[in-house]
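1. based on what follows, work out the 3D shape:
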Amino acid sequence: MPSWPDVSRGAPNVLLRSALFAGVQGRQRQVFKKRTLLASTQDIELKLQGVQLDQSDLDVWLQILHLARHQLPGYPVTFKAHSLLKAMGRGISKPHYAWLADSLARLSGALVEVTFKGRHTFGDHLLRYYRDEDTQSYVVELTLEMCRLFASGYTYLEWEQRQRLRRKPLALWLHGYLCSHATPYPVKVTTLHRLSGSSAQNLRDFKLRVRTALQDLVAIGALAQATLTDDGRVMVKHTTDQ
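-> Numbering: from 1, shown residues only. Sure thing, here's the model as predicted:
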């Protein structure tokens, strides 16, 4: 894996540009009992078996990747539950410990299969873990196949910005998707609806959600400008493009 600065979190682009970590509320999770094709970019085929993952699960995975970035692949990382929760800006009460345990169970149980251009397929769980119930200490092993996805391209995400977007799942998903493009090109709302795994039943409702999410991204400084055109396209400028 690459080594990024403390203020950032690194993620493979292929996972930021798909519905693997969907832009939905946790209570809307689906359960995929068999390998199910998820929305992704045209050059990628991505399948998931397990409980649907969301942006809060992505943040847990990103934080564990952050702890492991200076280590060789295959070496486990250790941490206390309260330290991981504090690093994520969350509370350290019993419900938060339970939330973290549930998220790690989803990440461990999710079987992810990624095929590049119909030629090379990588399949594995996102991580494995051991937990000491008395001390709430974790030993987590990131799986090699998922770490290899960094080789296809990756993005550094501003961690503070993601913290400010908590409980705004679509804004979080758009944050990852848009940041993964050095020069964002106009993208159709219908494409974002598909790639984000949104639960919005109609496009009109989704457009309203996108408009609000884009305003949130501009407000935190993730974007310099964002426009939703009358013909249903999203056009943005990064702050570095000014």
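2. residue nearest the centroid of the chain?
-> L58 (3.8 Å; Cα atoms, centre = their mean).
3. now it, nearest residue through space, not along the chain?
-> Distance criterion Cβ to Cβ, 6 or more residues apart in numbering; nearest residue to L58, sequence neighbours excluded, is F21 at 3.9 Å. Any C-beta I mention is one placed from the backbone N, CA and C, and that applies to glycine too.
4. so which elements touch the helix-or-strand element of the chain with minimal mean pLDDT?
-> Within the chain, judged by mean pLDDT, DSSP states H and E, the helix or strand with the poorest mean is helix 144-147; its value is a mean of 88. The contact analysis (3 or more Cβ pairs under 8 Å, 6 or more residues apart in numbering; DSSP states H and E) places helix 144-147 against strand 120-125.
5. and the strand it packs on, what does it pack onto?
-> For strand 120-125, the packing partners by 3+ Cβ pairs under 8 Å, 6+ apart are helix 94-109, strand 111-116, helix 144-147.
6. strand partners (parallel or antiparallel) of it?
-> Note on strand 120-125: by DSSP bridges, its sheet partners are strand 111-116 (antiparallel).
7. buried residues in the partner strand?
-> The neighbour-count check on strand 111-116 (16 or more other Cβ atoms under 10 Å) flags 112-115 as buried.
8. could you dump those into a markdown table and include pLDDT and distance to F32?
-> Output for those, formatted as a markdown table (pLDDT from 0 to 100; distance: Cβ to Cβ, whole Å):
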| residue | pLDDT | distance to F32 |
| --- | --- | --- |
| V112 | 96 | 11 |
| E113 | 96 | 11 |
| V114 | 95 | 15 |
| T115 | 94 | 17 |
